[in-house]
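Student: sequence first, then the predicted structure:
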Amino acid sequence: MNETSASNFLRENNAKHYWHPMTDPKRSAEDPPLIITKGEGEYIWDIDGNKYLDVTGGLWNVNVGHNRTEVKQAIIDQLDKIAYYNTFISSANPPSIELSAKLIEMLQPEGMTKVMFGSGGSDANETALKLARQYWKVMDHPEKTKFISLKNAYHGMQFGALSASGGILWRRAYEPLMPGFFQVDNPDTYRNPWTSDPSELANICVNILDREIQHQGPGTVAAFIAEPVQGAGGMIIPPDNYWPLLREVCDKHDILLIADEVITGFGRTGSMFGTRAWGVKADIMSFAKGINSGYIPLGATAVNKRVAEAWKRDHPLAPIMHGYTYSGHPLACAAANANLEIVERENLPQNAAKVGGYFLEQLKTLKEKHASIGDVRGKGLMLAIEFVKDRKTKEPFSPTDPYPALIAKHCRDHGVMVRNQAHRIILSPALTFNTSEVDEAISALNVSLQAGS
Ligand SMILES: Cc1ncc(COP(=O)(O)O)c(C=O)c1O
């Protein structure tokens with residue numbers, strides 16, 4: 001098969017046989033996806049040889065950049081020994097043990113002491129939710145089973161994680177979801193009915209959570225779960241006092257605090273962990289994405305000493321009857337060990353803070369030029385542009401309005417890959433990004449916004 005017929009074969013079969021995540025299947029035929037065949041650092045290439053600056057960072061996960069020699073070599077070295085063996089009951093493998101030690105060392109400031117592995121972010125949160133329920137059963141409080149989370153939260157798409165997720169768009173087609181999950185308002189500084197003062201907003205939102213816990217009965221609530229910065233739900237960066245207040249309210253009612261660090265873990269927001277920026281220690285933390293930059297699927301859930309101690313009790317429900325065939329997959333863990341080495345050696349959290357700060361400044365300039373931009377925001381290399389029909393009223397584009405997708409498409413036509421999501425553009429490049437790459441992205445956005453207006 002020559003190159004043209006090979007790419008035609010792929011396009012046709014994609015349209016014929018393939019359902020893509022988060023996509024209306026009809027769209028695959030009408031608006032076929034780019035077929036990506038190659039990556040190098042911060043750039044990717046499609047099947048026709050077109051080159052793009054990857055401002056999406058894979059899916060906010062390729063933190064060390066594409067095609068890193070060290071990560072590939074670690075996978076190959078492990079592959080030469082053994083590709084897979086299970087980690088259930090009576091076997092283990094060196095890369096996952098090494099990774100557990102590395103994670104616990106990195107998480108010392110958070111006081112984490114044990115870790116379980118899975119294959120991604122949904123798994124990591126599923127594990128967090130299940131361990132939280134089991135914790136209370138083993139502690140002889142079997143009635144503490146409910147979970148509270150935030151409206152617009154994104155914790156994953158399996159039934160448990162989806163039940164904790166607060167976005168109506170993700171939930172509607174699959175309802176009814178699991179009982180015992182409740183959502184409260186998120187601290188959205190751009191869109192909220194109460195105040196423009198961030199600190200006051202944090203107080204209001206945590207007060208709403210406090211009231212919900214009291215309404216449910218603190219004795220029935222297992223945990224509160226949230227992302228340090230809400231990602232897919234709109235890039236909601238909480239006020240600085242929000243997470244410290246969350247910790248206080250969880251302590252007041254004796255409920256566990258779960259930090260979903262699937263996006264924010266390992267440097268994306270400019271500190272090694274999202275919660276660390278506010279000096280907050282969660283009881284359980286979930287990770288995926290940046291743990292090994294997506295070279296092989298991996299997720300992890302860490303618990304602190306308080307939680308881990310429960311499993312020392314002699315209780316009939318203490319055995320952990322949870323786990324996956326691919327828990328602690330040797331190739332994925334080998335990739336993670338090499339990946340974390342790079343994250344630390346190259347001080348990627350610091351680079352994310354520096355380059356992210358520059359990116360945000362440039363986005364603010366872009367906002368001055370284009371009336372369709374209602375807000376720009378970001379923390380580290382986790383940024384968003386929010387489009388509005390009217391800046392004064394903040395009237396959003398309807399979910400079906402083609403404008404944000406059009407801007408993203410224009411950017412692609414100018415060699416820059418960005419992701420549109422609802423009425424926003426999400427920018428989440430590799431943490432190795434530099435300021436001239438920011439300039440390249442801004443220039444494409446500027447041209448696209450001019451063309452789109
Ligand atoms: C904060 C957060 N949690 C969980 C998930 C789910 O991760 P996965 O898609 O790997 O299951 C995501 C995915 O984007 C996420 O952003």
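Tutor: Received the coordinates, thanks.
Student: what's the burial count for Ser428?
Tutor: Here the number of neighbours of Ser428 (other C-beta atoms under 10 Å) works out to 30. Every residue, glycine included, has its C-beta placed from N, CA and C.
Student: residues in contact with it?
Tutor: Applying C-beta atoms under 8 Å, 6 or more residues apart in numbering, we find Ser428 in contact with Val55, Thr56, Gly57, Trp60, Gly231, Ile263, Arg268, Leu381, Met382, Leu383, Arg419.
Student: tell me how far it lies from the ligand.
Tutor: Distance, Ser428 to the ligand, by C-beta to the nearest ligand atom, to the nearest Å: 10 Å.
Student: same question for Asn434.
Tutor: Per C-beta to the nearest ligand atom, Asn434 is found 25 Å from the ligand.
Student: and the nearest residue to that residue once chain neighbours are set aside, how far from the ligand?
Tutor: Excluding the flanking residues, the one nearest Asn434 by C-beta to C-beta, 6 or more residues apart in numbering is Val355, at 6.2 Å. Val355 sits 21 Å away from the ligand, going by C-beta to the nearest ligand atom.
Student: pull the residues that contact stretch 227-238.
Tutor: Here stretch 227-238 has contacts from 60, 150-155, 166-167, 186-189, 202, 243, 259-264, 269, 273-275, 277-278, 377-379, 382-384, 386, 421-422, 424, 426, 428, using C-beta under 8 Å, 6+ apart.
Student: buried only: go through these for me.
Tutor: Among the contacts of stretch 227-238, those buried by neighbour count (16 or more other C-beta atoms under 10 Å) are 60, 150-155, 166-167, 186-189, 202, 243, 259-264, 269, 273-275, 277-278, 377-379, 382-384, 386, 421-422, 424, 426, 428.
Student: residue contacts, Ile407?
Tutor: Residues counted as contacts of Ile407 (C-beta under 8 Å, 6+ apart) are Phe387, Val418, Asn420, Ile425, Leu445, Ser448, Leu449, Gly452.
Student: apply 7 Å and report the result again.
Tutor: By C-beta atoms under 7 Å, 6 or more residues apart in numbering, the residues touching Ile407 are Asn420, Ile425, Ser448, Leu449, Gly452.
Student: then Leu431?
Tutor: Contacts of Leu431 (C-beta under 7 Å, 6+ apart): Asn63, Gly267, Arg268, Leu348, Asn351, Ala352, Leu381.
Student: please work out the average pLDDT along the longest strand seen in the chain.
Tutor: Longest strand in the chain by number of residues (criterion: DSSP state E): strand 382-390. In this model, strand 382-390 has a mean pLDDT of 96.
Student: for Thr269, which non-adjacent residue is spatially closest?
Tutor: Gly380 (4.1 Å).
Student: and the one you found, how many neighbours?
Tutor: The criterion is other C-beta under 10 Å. On that basis, Gly380 has 28 neighbouring residues.
Student: now Ala29
Tutor: 12.
Student: check which helix or strand covers it.
Tutor: Element membership for Ala29, per DSSP states H and E: helix 25-30.
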